[in-house]
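*Asks:* Next one to model:
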Amino acid sequence: MPTYLETLRLRLHDGKSRTYPCADGFSFLGWRLFPDHRRLVRGNVVRFNRRMNAMVRDYRAGELDLKSVVERLKAWAAHASHGDTWHLRERIFDRHPLTAP
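*Replies:* Okay, here's the model as predicted:
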């Protein structure tokens, strides 16, 4: 009896399809998923740090208003809060204090 993939005339790529232990986790949509927790992929955090540096710089230069900075920070924090990122968010926001322009 053919498998479901065979009925669709599909097959797994030998070099790209592997079986890993669940404990190793896997990447999916910017997250590293493990059986008991979720972490943001490192690249996501690096890009946010760069955006955060640019936002703080633009805010201090008076090119960006506080409301838009806060909205962006809240959006990323809400996204990051879906994983186990409490200490990560705390560290990032402590590293980039917003002082008045």
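*Asks:* where exactly do the strands run in this protein?
*Replies:* For the chain, the strands identified by DSSP state E occupy 26-28, 31-33, 38-40, in order along the chain.
*Asks:* Looking at this protein, which helix is longest?
*Replies:* Ranked by residue count and defined by DSSP state H, the top helix of the chain is helix 42-60.
*Asks:* about what we covered before: lowest average pLDDT across the strands of the chain?
*Replies:* Within the strands of the chain, the least confident segment by mean pLDDT turns out to be strand 26-28, at a mean of 87.
*Asks:* which helices and strands does that strand pack with?
*Replies:* Contacting strand 26-28 under the criterion 3 or more Cβ pairs under 8 Å, 6 or more residues apart in numbering; DSSP states H and E are the following elements: strand 31-33. To be clear about C-beta, it is placed using only N, CA and C from the backbone, and glycine gets the same treatment.
*Asks:* Please name the nearest non-neighbouring residue to Phe34.
*Replies:* Among residues not flanking Phe34 along the chain, Gly25 sits closest, at 4.1 Å (Cβ to Cβ, 6 or more residues apart in numbering).
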